[in-house]
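A.B. asks: quick one: sequence and predicted model below, then my questions.
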Amino acid sequence: MSDAKDETDKSNNKQKKEGKKRPFDFSVHPKRHVALRMAYLGWDYQGFAVQENTDNTVEARLFEALLKTRLIQDRQSSNYHRCGRTDKGVSAFSQVISIDLRSNQFCGGLGVIVPENVGVPAAEDKTTLPELPYVKMLNRVLPQDIRVLDWSPAAQGFSARFDCQSRTYRYYFPRGCLDVELMTEAAKRYEGTHDFRNLCKMDVGNGVLQFERTILSASVRPAKPQTASSTDPYKLFIFEIKGLAFLYHQVRCMMAVLLLIGQKLEDPDIIDQLMDVTKNPRKPQYNMAVDYPLVLFDCHFDSLSWTQEKEEVNYTLAMLQQHWTQSAVRASVLFGMLQDLETTTNDSFSAEPPNHCLLLEGTRQKNYKPLLERPCCESLESRINHFVKRGRLEREEGENGDETVYKGKRSKHIHNSSIEYQNHIKTDESKLTLL
């Protein structure tokens, strides 16, 4: 009887304690505007940005961690900006976001906002109190394939999207049957300021009507410069491209054209022809390069001073080493099988040489048709008219008689994440001039 009474008392006490729990009071804590630098393996996610039709995104996991650690009250009030959006299957070595996080710096500091109704701690605490361990707090609740690398305090007006000086992407690929030297020469043609409407997916429905972008550098080089022979088909290479901003699917379209050139299906000057929108105003129909070899490698900011936590760096290194060990062993097993089959195949049943690229979406054409002889996608003007009719865009005449297109009602569905979308140059999105 006494045991039953004790259990009842414990249950009642537990209920009382739960009833006395108060919601976390964010109003008594300072906020700090910071930048967080992240790395993630995107192969198992549907992209970086939150979407309405799935919660399997990197950003969804990030905000779950931010809410769980009570570093933010909600997304709406967090002053959140992302540097870039990566598409389904795409990874990042250096994604950067800016956000207001809970802080313990009651005496102020760069990016700190102290509540007016909260007293300042004693003088002896002013210089000795370290900032909250943001990296550790988040990494303890994030999935292992999403890591926060470091953080930096930032001025209140700082935006990870608009204050990025440059973005660098890398696309990894094996030599195979590709003429890598020809691809290296062709890649240089991307450099400079060009109209890339034929080398992206035109995102007119979301108000993107200007397709000039500046590429600072574009190169093809070995992933490991001093390994294997120069003709080894299994040797890995990198297409690295650095620019101020990128369009939706721009990098994967650029890589697709390079792969066609590497197979000698197109000449390098096809790049110049595609960027000449006077002669070729409509994009030929072609498949993009696949997603998984693509990485957002770097987002560069001059104004940030990154703070690392040694324990967390070691933790991340251990996680990556574990991933690498599994992947390297599996790759070696596959390579051993390939070598065995290649050396034991007799003349009467020879294996087909790897004379086509495996990194292009879709099925391979038996008879290749040159890009400029293919059917074309809709023109920019046609797509604008389409979205004007649907009410997504509104066309009005400018003050000087020039035609101006205003961004209209946004679709109820959030656009699919992409590597390049939302990396656009700083502009007033509410009003975009048709060029």
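C.D. replies: Done, it's in.
A.B. asks: quick check: which helices or strands does the helix ranked longest in the chain pack against?
C.D. replies: Determined from DSSP state H, the single longest helix within the chain is helix 310-344. Applying 3 or more Cβ pairs under 8 Å, 6 or more residues apart in numbering; DSSP states H and E, we find helix 310-344 packed against helix 134-139, strand 146-153. (Each C-beta comes from the backbone N, C-alpha and C, glycine too.)
A.B. asks: let's have the ones you listed in a markdown table, adding distance to residue 371 and mean neighbour count.
C.D. replies: Formatted as a markdown table, the helices and strands packed on helix 310-344 follow (distance: least, Cβ to Cβ, whole Å; neighbours: other Cβ atoms under 10 Å):
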| stretch | distance to residue 371 | mean neighbour count |
| --- | --- | --- |
| helix 134-139 | 45 | 21 |
| strand 146-153 | 38 | 21 |
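A.B. asks: how about these, which one is nearest residue 117?
C.D. replies: strand 146-153 (23.5 Å; Cβ to Cβ).
A.B. asks: let's have the helices and strands packed on helix 310-344 in TSV, adding mean pLDDT.
C.D. replies: Output for the helices and strands packed on helix 310-344, formatted as TSV (pLDDT from 0 to 100):
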stretch	mean pLDDT
helix 134-139	96
strand 146-153	96
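A.B. asks: how about these, which one is nearest residue 267?
C.D. replies: Of these, the one closest to residue 267 (Cβ to Cβ) turns out to be strand 146-153, at 41.8 Å.
A.B. asks: which strands or helices does the closest one pack on?
C.D. replies: Using 3+ Cβ pairs under 8 Å, 6+ apart: strand 146-153 touches strand 31-40, helix 58-68, helix 134-139, helix 310-344.
A.B. asks: nearest to residue 95, out of these?
C.D. replies: Using Cβ to Cβ, those put strand 31-40 closest to residue 95, at 4.6 Å.
A.B. asks: what's that closest one packed up against?
C.D. replies: helix 58-68, strand 91-102, strand 112-113, helix 134-139, strand 146-153.
A.B. asks: one more time with 7 Å
C.D. replies: strand 91-102, strand 146-153 (3 or more Cβ pairs under 7 Å, 6 or more residues apart in numbering; DSSP states H and E).
A.B. asks: distance to residue 383 added to these, as CSV?
C.D. replies: Output for those, formatted as CSV (distance: least, Cβ to Cβ, whole Å):
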stretch, distance to residue 383
strand 91-102, 30
strand 146-153, 35
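A.B. asks: closest to residue 375 out of those?
C.D. replies: strand 91-102 (33.3 Å).
A.B. asks: centroid residue for this structure?
C.D. replies: residue 86 (2.8 Å; Cα atoms, centre = their mean).
A.B. asks: hmm, back to that, chain center to the longest helix of the chain: distance?
C.D. replies: Centroid separation for helix 310-344 versus its chain: 24 Å, with Cα atoms, centre = their mean, to the nearest Å.
A.B. asks: count of residues packed around residue 307?
C.D. replies: The tally of other residues near residue 307 (other Cβ atoms under 10 Å) stands at 13.
A.B. asks: next one: residue 382
C.D. replies: 11.
A.B. asks: next: the one 4 residues further on.
C.D. replies: A count of nearby residues for residue 386, using other Cβ under 10 Å, gives 14.
A.B. asks: hey, C-alpha coordinates of the helix or strand where it lies in PDB?
C.D. replies: When elements are assigned from DSSP states H and E, residue 386 belongs to helix 380-389. The C-alpha trace of helix 380-389 is given here as PDB (Å, rounded to 0.1, in the frame of the first residue of the first chain):
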ATOM      1  CA  LEU A 380      12.700  34.800 -72.800                       C
ATOM      2  CA  GLU A 381       9.900  36.900 -74.200                       C
ATOM      3  CA  SER A 382       7.600  33.900 -74.600                       C
ATOM      4  CA  ARG A 383       8.200  32.800 -71.000                       C
ATOM      5  CA  ILE A 384       7.500  36.400 -69.700                       C
ATOM      6  CA  ASN A 385       4.200  36.400 -71.600                       C
ATOM      7  CA  HIS A 386       3.300  33.000 -70.100                       C
ATOM      8  CA  PHE A 387       3.800  34.200 -66.600                       C
ATOM      9  CA  VAL A 388       2.100  37.500 -67.200                       C
ATOM     10  CA  LYS A 389      -1.000  35.500 -68.300                       C
END
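A.B. asks: buried residues, it. List them.
C.D. replies: Neighbour counts over helix 380-389 (16 or more other Cβ atoms under 10 Å) mark 380, 383, 384, 387, 388 as buried.
A.B. asks: what's the distance between the fourth one and residue 202?
C.D. replies: For residue 387, the distance to residue 202 under the criterion Cβ to Cβ, to the nearest Å works out to 11 Å.
A.B. asks: and the protein, what are its domain boundaries?
C.D. replies: 25-153, 166-293+362-433 (automatic domain parsing).
A.B. asks: where exactly do the strands run in the chain?
C.D. replies: 31-40, 81-82, 91-102, 112-113, 146-153, 166-174, 192-195, 212-222, 236-243, 294-300, 393-397, 403-407, 431-433 (DSSP state E).
A.B. asks: rebuild these as a markdown table, extending it with distance to residue 58.
C.D. replies: Listed next are the strands of the chain as a markdown table, based on distance: least, Cβ to Cβ, whole Å:
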| stretch | distance to residue 58 |
| --- | --- |
| strand 31-40 | 5 |
| strand 81-82 | 10 |
| strand 91-102 | 8 |
| strand 112-113 | 27 |
| strand 146-153 | 6 |
| strand 166-174 | 16 |
| strand 192-195 | 30 |
| strand 212-222 | 24 |
| strand 236-243 | 22 |
| strand 294-300 | 11 |
| strand 393-397 | 30 |
| strand 403-407 | 27 |
| strand 431-433 | 28 |
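A.B. asks: noted, bye for now.
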